[in-house]
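Chemist: Requesting a structural model of the entry that follows:
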Amino acid sequence: MKTMRFIKYFSLLAMVLSSLNGYADAGGTGTGLSPAQMDRVGARIWQNECGGEVAGLTSWNAGEDFASLGIGHFIWYPKGRSGPFAESFPPLLAFLNSRGIATPAWARSSCPWPTKAAFEADKNDERQQELRALLSHTVRQQTEFIMARMQQALPKMLAAAPAAQRSSVQRVFGSLRTTPEGTFCLIDYVNFKGEGTSPTERYNGQGWGLLQVLQTIGESPDSYTAWNVQFAAAAKRVLSRRVANAPPARKEQRWLAGWHNRCDSYKRSL
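Modeler: Just a heads-up that it's a prediction; the model follows:
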């Protein structure tokens with residue numbers, strides 16, 4: 001049994017290393033993007049999530065149980081609350097701290113606003129102004145954080161995927177990374193809807209993360225269509241399925257048009 005686990009581990013590791021080989025750039029991000037392209041990625045993510053406005057860096061969306069902060073709308077749960085979606089704002093603060101960037105001491109715990117109403121009532125208080133100032137001056141670092149999450153996603157997805165699909169998932173992932181546009185698809189979507197590996201991020205047993213999009217492309221890849229265009233179409237199908245499977249009380253249909261518009265943006269040149 002130990003031997004089988006050992007073989008499985010190194011088989012997955014070999015697939016990861018194969019997909020990453022050759023994609024390091026001069027900036028050392030390992031994404032294949034130049035510094036100028038990285039800045040455009042950050043600007044596009046900010047536009048997708050917050051309309052490119054500083055005010056949008058501290059938000060609480062209607063129908064959600066958490067605050068959404070930064071260019072990637074990183075999730076921050078109030079004390080004593082959790083949900084099916086992975087919390088990402090505390091890891092972002094830890095990342096900023098690791099880069100020598102000071103973060104507010106009061107923000108290094110649970111979200112201090114228990115509800116959307118309380119959050120909105122304090123929209124212009126000193127704490128939210130402090131957060132917006134921090135987040136508006138760390139766009140590059142937030143982009144790097146999202147990029148790091150994308151690079152860490154592949155081994156998780158390969159481990160979660162059925163054995164028969166791992167080669168296909170790895171191949172599609174590697175093909176997307178051959179162009180800046182394909183790389184942006186991976187970076188933005190993993191921040192937008194996660195890796196797709198968490199068992200709690202499922203409706204009717206079906207996920208909506210990056211893994212599910214790659215699986216959808218792998219079912220019928222088109223050698224005549226650009227990978228980022230294939231990704232946009234597959235992501236729209238996956239998100240439509242999510243809405244169809246969502247509990248009616250969540251009323252997710254209201255978000256679908258916006259989600260599809262975001263997916264259509266993946267077709268544009270970077």
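Chemist: Please name the nearest non-neighbouring residue to P180.
Modeler: Sequence neighbours aside, L270 is the residue nearest to P180 in space, at 4.2 Å (criterion: CB to CB, 6 or more residues apart in numbering). All C-beta atoms are positioned from the backbone trio N, CA, C, and that covers glycine.
Chemist: swap that for F231, sorry
Modeler: Counting by CB to CB, 6+ apart, F231 lies nearest to C185, which is 4.3 Å off, once chain neighbours are set aside.
Chemist: So the one you found versus V213, what's the distance?
Modeler: 8 Å (CB to CB, to the nearest Å).
Chemist: cool, P248 as well?
Modeler: Taken as CB to CB, the span from P248 to V213 is 25 Å.
Chemist: is it true that F231 touches I217?
Modeler: Yes. With contact defined as CB atoms under 8 Å, F231 reaches I217; the gap is 6.5 Å.
Chemist: So the two - more neighbours on which side?
Modeler: The neighbour count for F231 versus I217, taken as other CB atoms under 10 Å, is higher for F231 (27 against 24).
Chemist: which helices and strands sit right next to the helix or strand hosting the more buried one?
Modeler: If you go by DSSP states H and E, F231 is part of helix 227-245. Packing contacts for helix 227-245, counted by 3 or more CB pairs under 8 Å, 6 or more residues apart in numbering; DSSP states H and E, involve helix 166-176, helix 180-193, helix 210-219, helix 253-264.
Chemist: start to end distance for stretch 261-270?
Modeler: Terminal residues of stretch 261-270 are spaced 16 Å apart (CA to CA, to the nearest Å).
Chemist: Could I get the full set of strands for the chain?
Modeler: Assigned strands in the chain, in chain order: 58-59, 67-69, 74-76 (criterion: DSSP state E).
Chemist: where does the protein dip in pLDDT?
Modeler: In the predicted model of the chain, residues 1-32 satisfy pLDDT under 70.
Chemist: Which helix in the chain has the most residues?
Modeler: Ranked by residue count under DSSP state H, the longest helix found in the chain is helix 139-160.
Chemist: Just tell me which of the helices and strands packed on helix 227-245 ends up closest to G63.
Modeler: Evaluated over those, closeness to G63 peaks at helix 253-264, with 7.9 Å, by CB to CB.
Chemist: Which positions in that closest one come out as buried?
Modeler: By 16 or more other CB atoms under 10 Å, the buried positions in helix 253-264 come out as W255, L256, W259, R262, C263.
Chemist: ok, now stretch 145-155?
Modeler: So for stretch 145-155, counting by 16+ other CB under 10 Å, buried means F145, I146, M147, A148, R149, M150, Q151, A153, L154, P155.
Chemist: Now the second one: closest residue in space, sequence neighbours ignored.
Modeler: Counting by CB to CB, 6+ apart, I146 lies nearest to N191, which is 4.5 Å off, once chain neighbours are set aside.
Chemist: Report the central residue of this protein.
Modeler: Centroid-nearest residue in the chain: N191, 1.2 Å away (criterion: CA atoms, centre = their mean).
Chemist: Now do it against A235, distance only.
Modeler: 13 Å.
Chemist: What of I146?
Modeler: 16 Å.
Chemist: now swap in Q253 and tell me
Modeler: On the measure of CB to CB, Q253 and A235 end up 17 Å apart.
Chemist: Check Y224 too.
Modeler: Taken as CB to CB, the span from Y224 to A235 is 19 Å.
Chemist: Those two - which one has more neighbours?
Modeler: A235 (28 against 5).
Chemist: Let me see the contact set for the closest residue to that one other than its chain neighbours.
Modeler: Closest residue to A235 apart from its sequence neighbours, by CB to CB, 6+ apart: C263 at 4.4 Å. When contacts are counted by CB atoms under 8 Å, 6 or more residues apart in numbering, C263 touches A232, A233, A235, K236, L239.
Chemist: Check E120 too.
Modeler: Applying CB under 8 Å, 6+ apart to E120 gives the contacts W60.
Chemist: And for R40?
Modeler: L270.
Chemist: Kindly report the same for C111.
Modeler: C111 makes contact with F66, A67, W76, Y77, P78, K79, F89, according to CB under 8 Å, 6+ apart.
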